[in-house]
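Q: need coordinates for the below:
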Amino acid sequence: MRNGETTTAGRREGATATSIHDTASAAALAVSVVIPTYNRARLVPNAVRSVLAAARESDEVIVIDDGSTDDTERALEKWRDRIRYVRVPNGGAGAARNHGVRIATAPLVSFLDSDDEWLPDKLELQRMLMTARPDILFCFSDFSMRDAAGVEHHRYLRQWPGVSSAVGDLLGDGVSYSSIAPLPKGRSDFLVHIGDLYRPLLDSCLVATQSAMVRRADGLPELHFGEKVKLCEEWWCFAALARKGRAAYLDCETFRNIGHTGDRITATETEHRFLTDRLTMTTALWGADQEFLREHGSHYHAVLQSLYLRRARWLLSRGRTPEARADLRRAGHPPLGLRALSLLPPTIVRGLGEFRRRLRS
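A: Numbering: from 1, shown residues only. All right, here's what the predicted structure looks like:
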């Protein structure tokens, strides 16, 4: 062989080595996308279309049909060669997501609700960030909300209950995304904030699951959505992940929450259920973390007291005075007015509560 020449065998070996390297690189960047759905045959096709528009060939899209009784399976027929459709008995969104995580094969995992949609560069933004920063366990972002009338509301995370400040500020100073990874075409630069999200999550739910990406193997077993609570299963999951590793907040929108007239769990559940679930989560997670309590115990107890007082007020407004008194005892040093109200006969308390609700309506 003359100097500078390559034999056919050599070219084949080089091509094979390059192919193996490319395949390994693609596998390392691959994402498993989990879409739980229940009786949303009309809505889930839009969610699937948005995911396929954002996905690479190496990604896998898993639709977990949580025991639908409508035409969900037929609605997804045209994409069956590009998705994994798995039907399971009805167990709720948390159980459906957990099943998706169990059967996922890619190193990264993301989630989308079947009535929402991703922006086209959602996966690229996050997969490149996670590749460039292996110290990050999970990342998440802001989002927009399009209401039932078609009006779009941007930067909607800041309008969530309990989110009183810019989410990025809770993680510390940000750096430009372009200093970490290349920006996708057409995407303006924005800040990325990286840090410890565990304490901020005690105060409010900051992570929209549809915006998140998690390192699947590193996240286990904490990458698990609560199946015994209905309104805090996502909050619980990401708080447990935040206790385990660092989070990154992308100060941009990566998905669109779609308003519609169909049932949503938040429209049918009560404040009492939410407060009960949150108390269960708070005591089981932060309340059992002795290291956290040594440093932030006073803040933890202040949050717990606030939750018990909120639930006591709700119980009093429904005339459920024995339960309210129990919560007031748990709160410790409750306001004198609430204590006095809890001692009145239930019929009087219930009537006062009904009168107040009519005044607000």
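Q: buried set for the longest strand seen in the chain?
A: For the chain, the strand that runs over the most residues, judged by DSSP state E, is strand 246-258. Burial within strand 246-258, assessed by neighbour count using 16 or more other CB atoms under 10 Å, is assigned to 246-258. Quick note: C-beta positions are derived from backbone N, CA and C, even for glycine.
Q: show me what it is packed against.
A: strand 117-118, helix 122-132, strand 136-146, strand 191-195 (3 or more CB pairs under 8 Å, 6 or more residues apart in numbering; DSSP states H and E).
Q: hey, which of those is tucked in deepest?
A: Each of those was assessed for mean neighbour count using mean count of other CB atoms under 10 Å. The highest is strand 117-118, with a mean of 24.
Q: which outside residues touch it?
A: The set of residues external to strand 117-118 that reach it, using CB atoms under 8 Å, 6 or more residues apart in numbering, is 46-47, 49-51, 53-54, 112, 210, 254-256, 258.
Q: pairing partners for that strand, with directions?
A: Applying DSSP bridges, strand 117-118 is found paired with strand 246-258 (antiparallel).
Q: chain center to the partner strand: distance?
A: 10 Å (CA atoms, centre = their mean, to the nearest Å).
Q: how about stretch 340-355?
A: 38 Å.
Q: tell me the mean pLDDT over it?
A: Taken as a whole, stretch 340-355 has a mean pLDDT of 75.
Q: that one: which residues count as buried?
A: Neighbour-count burial for stretch 340-355 flags L341, S342, V349, R350, G353 (criterion: 16+ other CB under 10 Å).
Q: for A53, see how far away the first one is.
A: The reference is to L341. Per CB to CB, to the nearest Å, L341 is found 55 Å from A53.
Q: where along the stretch 251-361 of the chain do the helices fall?
A: Assigned by DSSP state H, counting those that start in this stretch, the helices in the stretch 251-361 of the chain fall at 265-268, 271-284, 290-317, 321-331, 336-342, 346-360.
Q: now tabulate those in CSV and tack on distance to M130.
A: As requested, the helices of the stretch 251-361 of the chain are exported to CSV (distance: least, CB to CB, whole Å):
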stretch, distance to M130
helix 265-268, 30
helix 271-284, 26
helix 290-317, 26
helix 321-331, 41
helix 336-342, 47
helix 346-360, 46
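Q: can you tell me which of the ones you listed has the worst average pLDDT?
A: The minimum mean pLDDT among these belongs to helix 265-268 (a mean of 39).
Q: thinking again about what came up before, would CSV of the helices and strands packed on strand 246-258 with mean pLDDT and distance to L293 be doable?
A: Listed next are those as CSV, based on pLDDT from 0 to 100; distance: least, CB to CB, whole Å:
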stretch, mean pLDDT, distance to L293
strand 117-118, 98, 38
helix 122-132, 97, 31
strand 136-146, 97, 22
strand 191-195, 97, 21
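Q: rebuild these as a markdown table, extending it with distance to A104.
A: Listed next are the helices and strands packed on strand 246-258 as a markdown table, based on distance: least, CB to CB, whole Å:
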| stretch | distance to A104 |
| --- | --- |
| strand 117-118 | 17 |
| helix 122-132 | 14 |
| strand 136-146 | 15 |
| strand 191-195 | 25 |
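Q: nearest to T283, out of the ones you listed?
A: Among the helices and strands packed on strand 246-258, the nearest to T283 by CB to CB is strand 136-146 (23.6 Å).
Q: show me what contacts the residue nearest to the spatial centre of the chain?
A: Taking CA atoms, centre = their mean, the centroid of the chain lies closest to T209, which sits 1.9 Å from it. Contacts for T209 were tallied using CB under 8 Å, 6+ apart; they are R97, F111, D113, E234, C237, F238.
Q: which helices and strands sit right next to the helix or strand the fourth one falls within?
A: Element membership of E234 [criterion: DSSP states H and E] is helix 233-244. Helices and strands in packing contact with helix 233-244 are listed as helix 93-103, strand 136-146, helix 200-203, helix 271-284; criterion 3+ CB pairs under 8 Å, 6+ apart.
Q: any idea how far the last one is from the chain center?
A: It refers to helix 271-284. Using CA atoms, centre = their mean, the mean C-alpha position of helix 271-284 is found 17 Å from that of the whole chain.
Q: do the third one as well
A: With CA atoms, centre = their mean as the basis, the distance from the averaged C-alpha position of helix 200-203 to the chain average is 14 Å.
Q: what helices or strands is that helix leaning on?
A: Judged by 3+ CB pairs under 8 Å, 6+ apart, helix 200-203 is in contact with helix 233-244, helix 290-317.
Q: and among the ones you listed, the most buried is which?
A: Across these, averaging neighbours per residue (mean count of other CB under 10 Å) puts helix 233-244 on top, at a mean of 23.
Q: ok, back up a step: okay, the residue nearest to the centre of the chain: pLDDT?
A: Note on T209: pLDDT of 97.
Q: ok, now D135?
A: In this model, D135 is scored at 97, pLDDT.
Q: and the residue nearest to it when sequence neighbours are not counted, what does it touch?
A: In space, and not counting its chain neighbours, D135 is closest to R246: 5.8 Å by CB to CB, 6 or more residues apart in numbering. Shown in contact with R246 (CB under 8 Å, 6+ apart): D135, I136, L137, I194, G195, D196.
Q: looking at those, which is nearest L76?
A: L137 (31.4 Å).
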